[in-house]
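> Provide a 3D model corresponding to the input given below.
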Amino acid sequence: MPTTKNIYLKILFSIFLLSAFFSCDTKKQKQTVHHKDPNEITFISVSHIGGTLGEYKIIKAKRDSIFAEVGATANHSHKEWSSAIDNNTWIQLVSHLNSKELDQIKSSPSQQSVDGIDETFQIRTPKKSHIYVNSFADTTHYKQLQQLKEHLDLLLPKEYQ
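From the prediction side, this is the model:
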């Protein structure tokens, strides 16, 4: 009987600690979200994935850093690179993106099923996450994504471009 009481006390104590931990974390997140501009771009990701060798190139950028990885699954090659970026670089990177017009960009069907390569963009704001697959077919609205891709490539070392 005493071991049963100890188990119940341990479970009760664990639940209490977990609830206290998560309630503090939630309050902190809510405070920071309310102070942000809902149209401010906070994250960018561009990826090219597919092909007969399973090639991939993924670039992710935040206000303070950029990360890139390239490789191919067929020959098990994989390289990663990351670097810090300053605030001016981030502002220049997102300056040509109009977050209010992002909803107008249209995606196209995936090409991976026929050994094609899919180009995927992900752009996040505190208000919304925008995801586009093969949007290069939308010639009217793709220009700002093309400029973004070109600016990102300029930040990468040559072997990741």
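
> what's the burial count for the nearest residue to Gly54 once chain neighbours are set aside?
Nearest residue to Gly54, sequence neighbours excluded (CB to CB, 6 or more residues apart in numbering): Thr73, at 3.4 Å. The way it works is simple: take the backbone N, C-alpha and C, and place the C-beta from them, glycine included. A count of nearby residues for Thr73, using other CB atoms under 10 Å, gives 13.

> let's number from 560 now, not from 1
I'll keep to 560 as the first residue from here, and by that count the last item is Thr632.

> OK, contacts around Thr632?
Counting by CB atoms under 8 Å, 6 or more residues apart in numbering, Thr632 makes contact with Leu612, Gly613, Glu614, Tyr615.

> distance of it from Glu639?
Going from Thr632 to Glu639 by CB to CB, to the nearest Å gives 15 Å.

> same check, this time on Ser654
Ser654 is 27 Å from Glu639, by CB to CB.

> strands of this protein, start to end?
Ranges of strands in the chain, per DSSP state E, are 602-609, 614-621, 624-631, 636-643, 676-683, 688-692.

> average model confidence for the first one?
Put plainly, it is strand 602-609. The average pLDDT within strand 602-609 is 95.

> tell me what that strand is packed against?
With contacts taken as 3 or more CB pairs under 8 Å, 6 or more residues apart in numbering; DSSP states H and E, strand 602-609 sits against strand 614-621, strand 676-683, helix 702-714.

> which one of those lies closest to Ile664?
The closest of the helices and strands packed on strand 602-609 to Ile664 is helix 702-714. By CB to CB, the value is 6.9 Å.

> circling back: out of the contacts of Thr632, which are buried?
Buried subset of these (neighbour count, 16 or more other CB atoms under 10 Å): Glu614, Tyr615.

> and the contacts of Thr632, which is closest to Val605?
Tyr615 (11.6 Å).

> distance of the closest one relative to Thr648?
25 Å.

> go on, His607?
In this view, His607 and Thr648 are 22 Å apart by CB to CB.

> how far away is the closest residue to Pro716 other than its chain neighbours from Ser604?
Take Pro716 and drop its neighbours on the chain: the residue closest to it by CB to CB, 6+ apart is Trp640, 6.2 Å away. Going from Trp640 to Ser604 by CB to CB gives 15 Å.
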